[in-house]
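In: I would like the atomic coordinates for the input below:
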Amino acid sequence: MGNAKSSAISKEILEDLKLSTKFTENELCQWYENFQKQCPTGRISPEEFETIYARFFPDSEAKTYAQHVFRSFDTNEDGTLDFKEYIIALHMTSSGKTTRKLEWAFSLFDVDKNGYITKTEVEVICQAIFNLIPKEDLPKLPADENTPEKRANKLWGFFEKPDNDRLAEGEFIKGVTENENAMRLIHYEPITD
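Out: Model (predicted):
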């Protein structure tokens, strides 16, 4: 591998990412430079991703959530994220268009990747989201959301399905789109006073 090639981001990846994310060319080149420094192999391992993710959540336990985020973006399931998968991950978890974001949220909740979400999977992700909430914010949570179980029950309730049923992607997206509270419950948002 010649060094000249690896130091610059390929035009096609750049164009692709400019279209699919809100990042500018400058930002993308900056991200790429950092990425090259942190990941000389051009691949991010789950451990490296957890470290990067933890910086965004210095006051909380982000590891479990980061593992689920990693799984949902490792689209070719090779156990690593390349630069493109990494940028899409950053973009989706920080902004992103609603439909795209909900498709991503579905894959986040679909823990076993079988194309359906069960209530158990909702509980797993709610637990991971809960770990992101700084301890001092826990008392501020509404009474029906102040444990991972309650959060999962409330979220599942929006889909009007029995506990032992499962959700397809379209049902998930419809249920979340129609309920502002569901939208809020599927990801972690810092509590602002």
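
In: any idea where the helices of this protein begin and end?
Out: Assignment of helices within the chain using DSSP state H yields the ranges 3-7, 11-20, 25-38, 46-56, 63-73, 83-94, 98-109, 119-132, 148-157, 169-177, 180-185.

In: Reformat those as JSON lines; add distance to K140.
Out: C-beta coordinates here come from the backbone N, C-alpha and C atoms, glycine included. Compiled in JSON lines, these are given as follows (distance: least, CB to CB, whole Å):
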{"stretch": "helix 3-7", "distance to K140": "46"}
{"stretch": "helix 11-20", "distance to K140": "35"}
{"stretch": "helix 25-38", "distance to K140": "33"}
{"stretch": "helix 46-56", "distance to K140": "20"}
{"stretch": "helix 63-73", "distance to K140": "19"}
{"stretch": "helix 83-94", "distance to K140": "22"}
{"stretch": "helix 98-109", "distance to K140": "23"}
{"stretch": "helix 119-132", "distance to K140": "13"}
{"stretch": "helix 148-157", "distance to K140": "14"}
{"stretch": "helix 169-177", "distance to K140": "23"}
{"stretch": "helix 180-185", "distance to K140": "14"}
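
In: Include mean neighbour count, mean pLDDT and distance to P142 when you put those into a markdown table, please.
Out: As requested, those are exported to a markdown table (neighbours: other CB atoms under 10 Å; pLDDT from 0 to 100; distance: least, CB to CB, whole Å):
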| stretch | mean neighbour count | mean pLDDT | distance to P142 |
| --- | --- | --- | --- |
| helix 3-7 | 8 | 47 | 50 |
| helix 11-20 | 13 | 89 | 35 |
| helix 25-38 | 14 | 89 | 36 |
| helix 46-56 | 16 | 88 | 24 |
| helix 63-73 | 20 | 93 | 21 |
| helix 83-94 | 20 | 82 | 24 |
| helix 98-109 | 18 | 89 | 21 |
| helix 119-132 | 20 | 96 | 14 |
| helix 148-157 | 19 | 97 | 9 |
| helix 169-177 | 17 | 95 | 18 |
| helix 180-185 | 16 | 89 | 10 |
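
In: Out of those helices, which is closest to D163?
Out: With CB to CB, the closest approach to D163 among these belongs to helix 119-132: 5.1 Å.

In: which strands and helices sit next to that closest one?
Out: The elements that helix 119-132 packs onto, with contact taken as 3 or more CB pairs under 8 Å, 6 or more residues apart in numbering; DSSP states H and E, are helix 63-73, helix 98-109, helix 148-157.

In: try 10 Å
Out: Contact analysis of helix 119-132 by 3 or more CB pairs under 10 Å, 6 or more residues apart in numbering; DSSP states H and E lists helix 63-73, helix 98-109, helix 148-157, strand 166-167, helix 180-185 as its packing neighbours.

In: Which residues are in contact with the residue sitting nearest the centre point of the chain?
Out: For the chain, the residue nearest the mean C-alpha position is V69 (4.2 Å; CA atoms, centre = their mean). Residues touching V69, when contacts are defined by CB atoms under 10 Å, 6 or more residues apart in numbering, comprise 49-50, 53, 62, 81, 89-90, 92-93, 104, 107-108, 128.
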